[in-house]
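Colleague: Structure, please.
(chains A, B, C and D)
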2 protein chains.
Amino acid sequence: MDALTASDATDAFAALSQPLRLQAYRLLVQAGAEGVAAGAIAARLDVRQNTMSANMAVLLHAKLVRRERRGRSIVYFADFATMQSLLGFMLEDCCGGRPDLCQPLIQEIACAC
Amino acid sequence: MDALTASDATDAFAALSQPLRLQAYRLLVQAGAEGVAAGAIAARLDVRQNTMSANMAVLLHAKLVRRERRGRSIVYFADFATMQSLLGFMLEDCCGGRPDLCQPLIQEIACAC
DNA sequence: TCAATATTTCAAATATTCATGAAATATGGA
DNA sequence: TCCATATTTCATGAATATTTGAAATATTGA
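Modeller: The predicted model follows:
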């Protein structure tokens, strides 16, 4: 995937900076390739559908999620390529001369998976 | 370091969702252990000192940066432990049953360093 | 102690974000 | 075609964030 612009990155961070959206995003990260239907996300997080829809639109605009119609439902998925770009943007050049600082960081992220 | 709460995570993302703060944070990530003085950050990003100061306070509250007085200057540093926790929070359980999806992600992040 | 430097804090005006109710759109089945 | 289901879009008011000028704090050196 392409590198993010600074504006793409701030959009993504803004999208993740709201509790409901962060919860929804983590739900989709955990659901993986199966995705979760719009209504199921709202039910799971106990909010109205239109509130959830407005918030999903923010995640969608930030390209952190994708969606796909399946019959009457619309199923959302986390977009891992964007997450990857975002992390790359944040960490860019973090090791300029100090790989000893960076290596344990990578190690720990790997463990979170 | 401790695991982040959802509130810590949204605070951190909110802090990174503003262009000036994201630029400042990346500057500190790249500067590493040397850090950058408050005035130098403002000068480098071409904003007034009090505007920069208010924005650094947001990064500080989110624990994404630390600071330390050195003579007349106050020097800021990126806090890598918080970044690590934040990435862990985002990626938690992302591989529930699908390590094949997660491994290339980790690989790519490692390359960004 | 006095003045200069480096930075933060405060209060205010402006701009942005958020949840909501109501209306609109799209799909599937009788 | 008609109705129910699933979801989004729109307009609005309330809450929150952002920048700014002015004033305050802390440090250094003469």
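Colleague: residues touching the most centrally placed residue in chain A, list them.
Modeller: Chain A has A:Leu64 as the residue nearest its centroid, 4.2 Å off, counting by CA atoms, centre = their mean. Contacts for A:Leu64 (CB atoms under 8 Å, 6 or more residues apart in numbering or on different chains) come out as A:Ala12, A:Ala15, A:Leu16, A:Tyr25, A:Ala78, A:Asp79, A:Thr82, A:Met83. No exception for glycine: its C-beta is placed from N, CA and C like everyone else's.
Colleague: How about stretch A:43-50 and DNA strand C, touching?
Modeller: Yes - for stretch A:43-50, a contact with DNA strand C is found by CB under 7 Å from any atom of the strand, at A:Val47, A:Arg48, A:Asn50.
Colleague: Now which of those residues would you call buried?
Modeller: A:Val47 (16 or more other CB atoms under 10 Å in any protein chain shown).
Colleague: Against DNA strand C, how distant is the residue in chain A positioned nearest to DNA strand D?
Modeller: In chain A, the residue that lies nearest DNA strand D is A:Gly39 (2.0 Å; CB to the nearest atom of the strand). According to CB to the nearest atom of the strand, to the nearest Å, A:Gly39 and DNA strand C sit 12 Å apart.
Colleague: now what about whichever strand or helix holds that residue, what contacts it?
Modeller: In this assignment (DSSP states H and E), A:Gly39 forms part of helix A:38-45. Helix A:38-45 is contacted from outside by A:20, A:23-24, A:27-28, A:36, A:48-49, A:51-53, A:56, A:67, A:73-76, using CB under 8 Å, 6+ apart.
Colleague: Just those: which are in helices?
Modeller: Secondary structure assignment (DSSP state H) places A:Leu20, A:Gln23, A:Ala24, A:Leu27, A:Leu28, A:Gln49, A:Thr51, A:Met52, A:Ser53, A:Met56 from the contacts of helix A:38-45 within helices.
Colleague: tell me which of the residues you listed is nearest to B:Leu91?
Modeller: B:Leu91 lies nearest to A:Leu28 out of the ones in helices among the contacts of helix A:38-45, by CB to CB, at 12.6 Å.
Colleague: Now A:Asp8: phi and psi?
Modeller: phi -60, psi -40 (degrees, to the nearest 10).
Colleague: Burial check on the residue of chain A closest to DNA strand D, number of neighbours?
Modeller: Using other CB atoms under 10 Å in any protein chain shown, A:Gly39 has 14 neighbouring residues.
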